[in-house]
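>>> Structure for this input, please:
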Amino acid sequence: MEKKRIALAGCRGHVEKFGNLINSFPESETVAVWDNVPGRGEKVAENLGCQFEPDFDRLMSDYGLDGVVITAENALHKEMILKAAEQKVSTFVEKPLCVKPEEAYEIQKAVKESGITFYMTDPFVRRGTLKLKELMEAGTLGEITGATFRLGSDAAFSGHVDFHFERNQGGIMADVGGHMIHKAHFLFGKPESLCSVLRYYTPQAQESHMEDDAHILLKYPGNVLVNLQCSWVGAEGSGVEAVYGSKGFARVEPNGRGEGNEKVILQTGRDQAVVFSGDDLPANPTQHIRYFVEMLAYGIPNEQVGVDPLSNSGVSLDHAVEYVEMIDAIYRSNGKGFISLP
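Numbering: from 1, shown residues only. The predicted structure follows:
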């Protein structure tokens, strides 16, 4: 099989890890790197043993690419995805898709008309979340009444948040808040309405006008309420993932170090809690960048993302658009009560 030619666009975050993984697969290779900071991009290209291309338009048109991995600032996503779609270059993008619903609709239209492969990464639906869905669908929890998802860290206190960078793309809701939206959407879908309270706790958040803490309530049919809490001013590891029903509740807890090492605690009535771990849990979804390469190499259609359980380290195009709608509604509802979603 001729290797799929993939470029990296944007040298923040996990970009070098992605490049090394692409080179480790028999079906793919990293052929070029682009970044809007030349020195940074040149260093990544050198480390990966490929070419640095300073012109994104030329990267899309002149390299015979099969795919591009976009890890640039969120505010740049729209124009980059549109240019990739115009050149028929399949696209893998780090969440969020973009920052405004009107941009999301433009991307949605362009991607569908181009016919390119599309995959948005967000590897936060793991074995424990899959087990929660299994218990919900089996009726084990009874009538579902609600859920709580929390992801907290001390990032704002420890200096691990670049508030200047975040200014281009929203605060915590464009970062770890997106992970909590992914979990809630995976289990419950798009809500009817929501309300939010955003906090600007640290001086950096106040100066940048980017929230460092968020509390959101999602309302679903049947008066089901889902609580999301996302914080850079909490404690590291203060995560919660739990679903509640008329017969009991289930929660996800760590089960050792490493992604996917989880256990699920099921409590029904006054019975002794049941613990699911190891082989009792569903298989982990395929690693995000690996699934994208498989889509390119083996013709997996976009419609399989979110349907195939192995695809859940990422998000389909249509769901990515719904995430943008939810994030936009969270900002619009801040302190104003419930508002309906489109």
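
>>> And the residue of the chain most remote from its centre, how close does it get to Met136?
The C-alpha centroid of the chain is most remote from Arg270, which lies 36.5 Å away (C-alpha atoms, centre = their mean). Using C-beta to C-beta, to the nearest Å, we find Arg270 at a distance of 21 Å from Met136. Backbone N, C-alpha and C define where each C-beta goes, glycine included.

>>> What is the neighbour count of Ser231?
Neighbour count for Ser231, taken as other C-beta atoms under 10 Å: 24.

>>> Correct me if wrong: it contacts Ala214.
Yes - judged on C-beta atoms under 8 Å, Ser231 makes contact with Ala214 at a distance of 7.4 Å.

>>> which residues are in contact with both of those two?
By the contact definition C-beta atoms under 8 Å, 6 or more residues apart in numbering, Ser231 and Ala214 are jointly contacted by Ile172.

>>> I'd say Ala147 and Ala184 touch.
Yes - Ala147 is within contact range of Ala184, at 7.0 Å (criterion: C-beta under 8 Å).

>>> what's the overlap in contacts for these two?
With C-beta under 8 Å, 6+ apart, Ala147 and Ala184 have common neighbours Val226.

>>> These two: which is more packed in?
A count of neighbours by other C-beta under 10 Å puts Ala147 above the other of Ala147 and Ala184, at 27 against 23.

>>> Describe which strands the helix or strand containing that one pairs with in its sheet and in which direction.
Assigned by DSSP states H and E, Ala147 belongs to strand 144-152. Sheet pairing here is set by DSSP bridges, and for strand 144-152 it gives strand 224-231 (parallel), strand 240-245 (antiparallel).

>>> Show the subsequent helix or strand relative to it.
helix 155-158.

>>> got a list of contacts for that next one?
161, 201-202, 204-205, 212, 232-233.

>>> Also stretch 226-240?
146-157, 161, 172-173, 176-177, 180-181, 184, 188, 191, 199, 201-202, 212-218, 220, 251, 254.

>>> residue boundaries of the helices in the chain?
Per DSSP state H, the chain carries helices over the ranges 15-24, 38-48, 56-62, 77-86, 101-114, 127-138, 155-158, 163-166, 176-188, 203-208, 288-298, 317-333.
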